[in-house]
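1. Have a look; sequence and predicted model below, questions after that.
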Amino acid sequence: MKIAIHHTPGSFSEQWIIYCDEQQIDYKIVDCYDSDIISQLSDCDCLMWHFSQNSPRSFLVAKPLVYSLTVAGKKTFPDFYSSWHFDDKLGQKYLLEAIGAPAVTTWVFYEKEIALRWAQQQVYPIVFKLRGGAGSQNVRLVKSKNHASRLIKKAFGIGFYSFDPSESLREEIRRLKLGKATIKDIAESIVRFFLLPKYARVKGREKGYIYFQEFIPDNDSDFRVIVVGNRAFAIKRLVRENDFRASGSGSILYDRQLFDIDLISQSFSTARRLNVQCVAFDYVYKNSEPLLVEISYGFAQAGYYNCPGYWDEDLNWHEGKFNPYGWMVEDLISGLK
């Protein structure tokens, strides 16, 4: 048995390699961007590749490759069910609605005039998002029908870049005040007004659709529950000061008592419905009911090192440090048997 790993510095692959070395699991490093990648995988039983929304190349290659290998009968992490909706809020809307998952109400329109008529009838505020983006990128609070109409006209006109330099600069200034950024970070954000990141230049402007979500007031945080196979761990993310967004805030709480066991149970249940290997669920509460906002197979590693333990599928708590990246390897190997 041999695992193929596409290695990207800073990704899950660093931990996969360490785990395989420690456990003496046979693996080899492959390059999924090579034209002969299928040939490279011929002596391997499975492929592991943590691809990112910020890499334009990976979005060209990853999902078609994963699906092709699935059709051929080769195991992957993430597999097709875990990854096809990654960084795709349109896909997630249809998926969550199709399985009846409790989720924040979402509207999407593909015709300008229909969207404009809808905007005239809404109660504000509502939330505008682009199809992709992480860490609260491309997320805005829309406070009036005039604001919504401007966004709609732009969406069906010149469109939006997937990177907003103004928002990026504001975020770096916020982080600087918290001691989490440097003057160099500020300078790099200013440069991005003149030279967008490569992924944004490659993707170009997003247009031809408009996406809104219901705004749920009175939430000072959101809750993220990550399910890997039959285990789950969780964090509570506080919203930014004078903002409504929690993702990417860096203000995280870990105490086990913060998480209602029904939230963990619901996460396991939804993960089974989705038939996924690994999924991060983002929730907000409305009238004491947890509602899904977004899902993703990937997550930023640094935010979870301080988790004090995890739940198993029977909702038993396991105190102490754990290795979710090792779980990913072991679950993939188990699926080969």
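-> Structure's in. What do you need?
2. Now do the phi/psi pair for the residue at minimal distance from the centre of the chain.
-> Nearest to the mean C-alpha position of the chain, by C-alpha atoms, centre = their mean, lies residue 296 at 3.6 Å. Note on residue 296: its backbone torsions stand at phi -160, psi 140 [degrees, to the nearest 10].
3. Let me see the contact set for the nearest residue to it once chain neighbours are set aside.
-> The shortest distance from residue 296 to any non-neighbouring residue, by C-beta to C-beta, 6 or more residues apart in numbering, is to residue 280 (4.9 Å). Placement of C-beta: from N, CA and C, glycine included. Contact analysis of residue 280 by C-beta atoms under 8 Å, 6 or more residues apart in numbering lists 224-226, 295-299.
4. Which positions are bridged to residue 280 in the beta structure?
-> Beta-bridge pairing of residue 280, defined through DSSP bridges, involves residue 226, residue 296.
5. hang on, the earlier thing: distance of the residue nearest to the centre of the chain relative to residue 279?
-> If you measure residue 296 against residue 279 using C-beta to C-beta, to the nearest Å, the figure is 7 Å.
6. rewinding a little: from the contacts of residue 280, which is closest to residue 259?
-> Residue 259 lies nearest to residue 225 out of the contacts of residue 280, by C-beta to C-beta, at 7.5 Å.
7. Surely that closest one and residue 259 touch.
-> Yes: at 7.5 Å, residue 225 counts as touching residue 259 under the criterion of C-beta atoms under 8 Å.
8. Quickly list what's touching both of the two.
-> residue 234.
9. more crowded one of these two?
-> Comparing residue 225 with residue 259 by neighbour count (other C-beta atoms under 10 Å), the higher total belongs to residue 225, at 24 against 20.
10. got a list of what that one touches?
-> By C-beta under 8 Å, 6+ apart, the neighbours of residue 225 are 232-234, 259, 263-264, 267, 280-281, 283.
11. rerun at 6 Å
-> Each residue near residue 225 by C-beta atoms under 6 Å, 6 or more residues apart in numbering is listed here: 232, 234, 267, 281.
12. and which of those is nearest residue 312?
-> Scanning these for proximity to residue 312, where the rule is C-beta to C-beta, the winner is residue 232, at 8.1 Å.
13. Okay, and the closest one sits in which element?
-> strand 231-238 (DSSP states H and E).
14. Summarise which helices and strands that strand is packed against.
-> When contacts are defined as 3 or more C-beta pairs under 6 Å, 6 or more residues apart in numbering; DSSP states H and E, strand 231-238 packs onto strand 221-228, strand 252-253, strand 309-312.
15. again, only using 7 Å
-> Applying 3 or more C-beta pairs under 7 Å, 6 or more residues apart in numbering; DSSP states H and E, we find strand 231-238 packed against strand 221-228, strand 252-253, helix 261-274, strand 309-312.
16. Arrange these in CSV, one row each, with distance to residue 40 and mean pLDDT as further columns.
-> Shown next, in CSV, are the helices and strands packed on strand 231-238 (distance: least, C-beta to C-beta, whole Å; pLDDT from 0 to 100):
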stretch, distance to residue 40, mean pLDDT
strand 221-228, 27, 95
strand 252-253, 39, 92
helix 261-274, 30, 98
strand 309-312, 34, 98
